[in-house]
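Trainee: need a 3D model of the following:
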Amino acid sequence: MKRFDLFLKRAFDIVVSVVVLVIATVIPVMIVVPILIKLTSKGPAIYKQVRVGKDKKEFTLYKFRTMIVERYDAHGNEIMSEQRINRFGKLLRKTSIDELPQLFNVLNGTMSIVGPRPMLDYQAPRCIGEENLRFTVRPGLTGLAQIKGRNNIPWEQRIKYDIEYINNFSFWSDIVILFKTVLLVFKKTGTDVKPEYRGVDRFSKHYIPENEEVETTS
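Mentor: Model (predicted):
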C-alpha cells in the first residue's frame with residue numbers, strides 16, 4: 001500500500017475515534033446535566049451572561065447554571081457569589097463541566113478553544129495600554145492564565161499571561177495549553193478561589209478608582 005494512503009487511513013481512524021468518543025461522552029452530558037440542574041434547583045439550566053470578546057465586541061456567553069437564582073436574602077441583603085453556588089453547581093465547577101455550553105460560542109465564532117478568558121462588561125474598560133492586546137484575539141475556553149493558576153492569581157497577573165500568550169502564539173502552544181488544561185481538570189486544580197484574590201484589584205466588581213469620589217448621603 002502507498003505510504004500516503006496509509007497516512008490518510010491512520011488519520012481517518014483517529015478522527016473517527018475522536019468523533020465517536022465525543023458523541024459517546026459530551027452529548028450525553030449535554031442532555032443529562034440540564035435535567036439534573038432543573039431537578040436540584042429552580043431556574044433555567046443554561047446561564048447567559050454578557051461578555052466582551054475580540055475587538056471589544058459584546059456577546060452572550062453560555063454556561064450551565066451553578067448558582068441559585070436568588071440574589072438577595074429575605075432581609076434584602078445581597079448574597080455573596082460563593083454562597084449562591086448550590087451543591088450540584090459545586091460539582092459542575094470542580095469538573096469544569098459548567099463551561100461545556102461555551103462550545104456553542106466556539107461554533108458561532110465568538111470564542112475559540114484557547115485564548116484569554118472573556119471579560120465582563122464592566123472589566124473591559126478598565127484595561128489600559130498593552131492590556132488591550134487581549135482584545136485582538138477571540139477569547140478562549142481555556143488559556144495560558146488558566147494553566148498558570150486559573151482563579152488563584154490576581155487579574156493583573158492573568159492579563160500578563162494573556163499578553164505573553166498573544167506575543168508567543170503558535171498552533172503548538174495551543175495544543176500544549178489544551179493538554180495541560182485537561183490534566184488540571186482531572187486534578188480539579190484552581191477551581192476554588194482563595195479569599196485573598198477576591199475584590200482586591202481594579203477588575204473587581206465593587207472597585208472604586210482613587211480619583212472617583214464615593215457618593216454619601218447626609
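Trainee: mind pulling the model confidence for the nearest residue to Ile79 once chain neighbours are set aside?
Mentor: In this structure, Ile79 finds its nearest non-sequential neighbour in Asp73, 5.7 Å apart by Cβ to Cβ, 6 or more residues apart in numbering. C-beta: built from backbone N, CA, C; applies to glycine. If you check Asp73, the pLDDT there is 78.
Trainee: need phi/psi at Asp73.
Mentor: phi -80, psi -180 (degrees, to the nearest 10).
Trainee: contacting residues around the closest residue to Pro44 other than its chain neighbours?
Mentor: Computed as Cβ to Cβ, 6+ apart, the closest residue to Pro44 that is not its neighbour in sequence is Arg65, at 6.2 Å. Residues in contact with Arg65 (Cβ atoms under 8 Å, 6 or more residues apart in numbering) are Ile37, Ser41, Gly43, Pro44, Ala45, Ile46, Tyr47, Gly89, Asp98.
Trainee: check contacts around the residue lying closest to the second one once chain neighbours are set aside.
Mentor: For Ser41, the nearest residue in space outside its immediate sequence neighbours is Asn86; the separation is 5.1 Å by Cβ to Cβ, 6+ apart. For Asn86, the contact set (Cβ under 8 Å, 6+ apart) comprises Thr40, Ser41, Thr66, Met67, Ile68.
Trainee: now Asn86: phi and psi?
Mentor: Dihedral angles (degrees, to the nearest 10) for Asn86: phi -80, psi 170.
Trainee: helix, strand or coil: sort out the nearest residue to Gly109 once chain neighbours are set aside for me.
Mentor: Spatial nearest neighbour of Gly109, excluding adjacent residues (Cβ to Cβ, 6+ apart): Arg138 at 7.6 Å. Using DSSP: H, G, I helix; E, B strand; the rest coil, the structure places Arg138 in coil.
Trainee: burial count for Arg138?
Mentor: 20 (other Cβ atoms under 10 Å).
Trainee: do the same with Leu183
Mentor: Based on other Cβ under 10 Å, the number of other residues close to Leu183 is 10.
Trainee: how about Phe59?
Mentor: Neighbour tally, Phe59, other Cβ under 10 Å: 19.
Trainee: that's a strand at it, yeah?
Mentor: Yes. Counting by three-state DSSP, Phe59 falls inside a strand.
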